[in-house]
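Visitor: build the 3D model from these lines:
(one chain, ligands or ions: 2)
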Amino acid sequence: MIQVAPSVLSADFGNLQRDVEAICDAGCDLVHVDVMDGHFVPNLTIGPVVVSAIAACATKPLDIHLMVENNTFFVDLFAPLKPAYISFHIEEEKHPHRLIQKIRSLGIKPAIVLNPHTPPESVEYLLQDLDMILLMSVNPGFGGQSFIDTVIPKASKLNEMRNRLNPNCLIQVDGGVTDKNIQSLKDAGVDVVVAGSYVFNHASKKEAIKSLQI
Ligand code: DX5
Ligand code: ZN
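Guide: Residues are numbered from 1 along each chain as shown. Ligands and ions are numbered 1, 2, ... in the order given. Next up is the predicted model:
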């Protein structure tokens, strides 16, 4: 069954505790936290003060998606919150293998993110060391954008690679995920989806999450 990680970016930040508790009670698998620094992406979100408030009320593991320059600095900042996963963009990291080892040494599962243009082959020699690979299906920076279809053949290609090199490595897709594209994601071999606006704009968060857990 596909795991669902609602993105807190689409929550009502005036009622953050209420919304984090709501997605956890509604049966999500992970709580996806988008950290943006205003440099790697043209948007700025939350730091450790707010993420620790999220960690305090979340009853599901955190999945921290870094969209930042200087990944190592941010890994050190968020590691004390004990997230299940920290993912970083390969486009912004000179020494991805070293950073994977560092994240793992902190007791956190390492994941790498690929922007829409980045080929799956870019992780071929890292796959053995990763717990998850996140394929962006929008340009990172904002919630509520539309799904970029080329992620489907890309996920299929990555699925073939991971089955060969590391079947334990999960494939995650983030951006524009809805009940309309979930079946093609499943068919392509995707294991985890991030969904922000679809879950938070739905009349029932429970129904929305269920419709993606296929
Ligand atoms: C975009 C973020 C996503 C985003 C997803 O940079 O990484 O997690 O919040 O939101 P939706 O599902 O609305 O595209
Ligand atoms: Zn994200």
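
Visitor: pretty sure D34 sits against D63.
Guide: No. Contact status for D34 versus D63: not in contact, 9.9 Å apart, counting by C-beta atoms under 8 Å. Every C-beta, even on glycine, is put in place using the N, C-alpha and C of the backbone.

Visitor: residues from the protein in reach of ligand 2?
Guide: Counting by C-beta under 5 Å from the ion, the residues of the chain close to ligand 2 are D34, H65, D174.

Visitor: report the contact partners of the residue nearest to the first one when sequence neighbours are not counted.
Guide: Meaning D34. Distances taken as C-beta to C-beta, 6 or more residues apart in numbering place L9 nearest to D34, at 4.6 Å, with adjacent residues excluded. L9 makes contact with D34, T45, G143, G196, according to C-beta atoms under 8 Å, 6 or more residues apart in numbering.

Visitor: so what does the residue of the chain found nearest ligand 2 look like in phi/psi?
Guide: Of all residues in the chain, H65 sits closest to ligand 2, at 3.8 Å by C-beta to the ion. Per-residue torsions, H65: phi -100, psi 110 (degrees, to the nearest 10).

Visitor: coming back round to it: neighbour-wise, which of D34 and D63 wins?
Guide: Set side by side, D34 and D63 show more neighbours around D63, with 28 against 24, by other C-beta atoms under 10 Å.

Visitor: so how far is the strand or helix carrying the more buried one off the chain centroid?
Guide: According to DSSP states H and E, D63 maps onto strand 62-67. Distance of strand 62-67 from its chain centroid, counting by C-alpha atoms, centre = their mean, to the nearest Å, is 6 Å.
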